[in-house]
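Trainee: Give me coordinates for this.
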Amino acid sequence: MNNILKESFEALKRRRNLVVFFAAAHVVFLVFGQWTVSEKIPFVLDLRAQQLKEIQNLSYLKPLTGILASSLTAKILYTFLFNLLVGAFFSTTLTGAIFFLPYLIAVLRSFIIGILIYGMDSGGVMLMVFYGTFLLEFGAYCISSAVGMDMGLSLLWPMRKKVESRKEAVRIAARDGVKLYLLVIIILFIAAVWEMSWIHYLGPLKLPDPGQ
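Mentor: Residues are numbered from 1 along each chain as shown. The predicted model follows:
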């Protein structure tokens with residue numbers, strides 16, 4: 001296991017520029033989203049009000065307040081699998097076939113979260129829960145996005161892998177991607193435990209009223 005983790009961290013070092021690139025995008029657009037609300041930009045305020053109204057009716061959240069509500073273990077596993085499959089693999093890695101899509105998804109996600117959390121309950125515990133979850137989940141998404149973009153760039157420009165065959169370039173990128181996904185899995189599991197444990201005992205995060 002130690003050797004596998006060592007290989008994963010070595011792959012992470014090789015992709016550190018892409019990971020840092022996505023980390024910067026997430027932070028910048030999270031802050032930018034909050035700034036646009038503070039400046040009361042009309043279309044952003046309309047988007048924010050719409051998102052705050054719709055968030056409680058999102059279909060993927062309903063199991064957490066319905067059939068899984070009484071079981072912390074079930075909520076952790078559900079959140080982990082959803083974030084791994086939908087949040088990471090389908091949204092940020094497969095989309096890397098068109099290499100710039102993971103970046104656009106990172107920008108949109110972070111911006112939306114930024115406009116949603118502006119004015120959020122500023123209590124110390126709630127902020128700790130939110131930012132702990134954000135750092136863990138979006139840290140994992142930075143890695144999964146780097147995997148996707150690396151494969152897309154390899155398909156477009158195989159010479160970055162020092163080979164001429166696109167098939168071989170993608171194969172090399174995918175080999176590193178598999179190693180990196182071990183880190184994605186570990187981080188997202190920790191994130192699910194962190195988020196769901198707090199929410200299970202304290203209740204959901206209190207977002208601002210849509211009218212604010």
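Trainee: thinking Thr36 is in contact with Ile115, fair?
Mentor: Yes: using Cβ atoms under 8 Å, Thr36 is in contact with Ile115, at 6.5 Å. Any C-beta I mention is one placed from the backbone N, CA and C, and that applies to glycine too.
Trainee: Where do the helices of this protein begin and end?
Mentor: Assigned by DSSP state H, the chain shows helices spanning 2-14, 16-38, 42-54, 62-65, 72-82, 101-117, 124-156, 166-202.
Trainee: Serialize those helices to TSV and add fields for mean neighbour count and distance to Phe90.
Mentor: Listed next are the helices of the chain as TSV, based on neighbours: other Cβ atoms under 10 Å; distance: least, Cβ to Cβ, whole Å:
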stretch	mean neighbour count	distance to Phe90
helix 2-14	13	21
helix 16-38	17	17
helix 42-54	14	21
helix 62-65	14	18
helix 72-82	17	10
helix 101-117	20	10
helix 124-156	21	10
helix 166-202	18	13
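Trainee: For Phe89, which of those helices is the nearest?
Mentor: helix 124-156 (6.8 Å; Cβ to Cβ).
Trainee: So which helix or strand of the protein has the lowest pLDDT on average?
Mentor: Every helix and strand in the chain was compared by mean pLDDT, DSSP states H and E; the lowest is helix 62-65, with a mean of 84.
Trainee: follow-up on the earlier one: right, and the helices of the chain - which one's nearest Ser91?
Mentor: So among the helices of the chain, helix 101-117 is nearest, using Cβ to Cβ, at 5.7 Å.
Trainee: Ala88 is nearest to which of the helices of the chain?
Mentor: Of all the helices of the chain, it is helix 124-156 that lies closest to Ala88, at 3.9 Å by Cβ to Cβ.
Trainee: What residues does Cys142 make contact with?
Mentor: Residues counted as contacts of Cys142 (Cβ atoms under 8 Å, 6 or more residues apart in numbering) are Val19, Phe22, Ala23, His26, Ala106.
Trainee: if we go to 7 Å?
Mentor: Val19, Phe22, Ala23, His26 (Cβ atoms under 7 Å, 6 or more residues apart in numbering).
Trainee: got JSON lines for the residues you listed, with distance to Val178 and pLDDT too?
Mentor: As requested, the contacts of Cys142 are exported to JSON lines (distance: Cβ to Cβ, whole Å; pLDDT from 0 to 100):
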{"residue": "Val19", "distance to Val178": "16", "pLDDT": "97"}
{"residue": "Phe22", "distance to Val178": "19", "pLDDT": "97"}
{"residue": "Ala23", "distance to Val178": "21", "pLDDT": "97"}
{"residue": "His26", "distance to Val178": "23", "pLDDT": "96"}
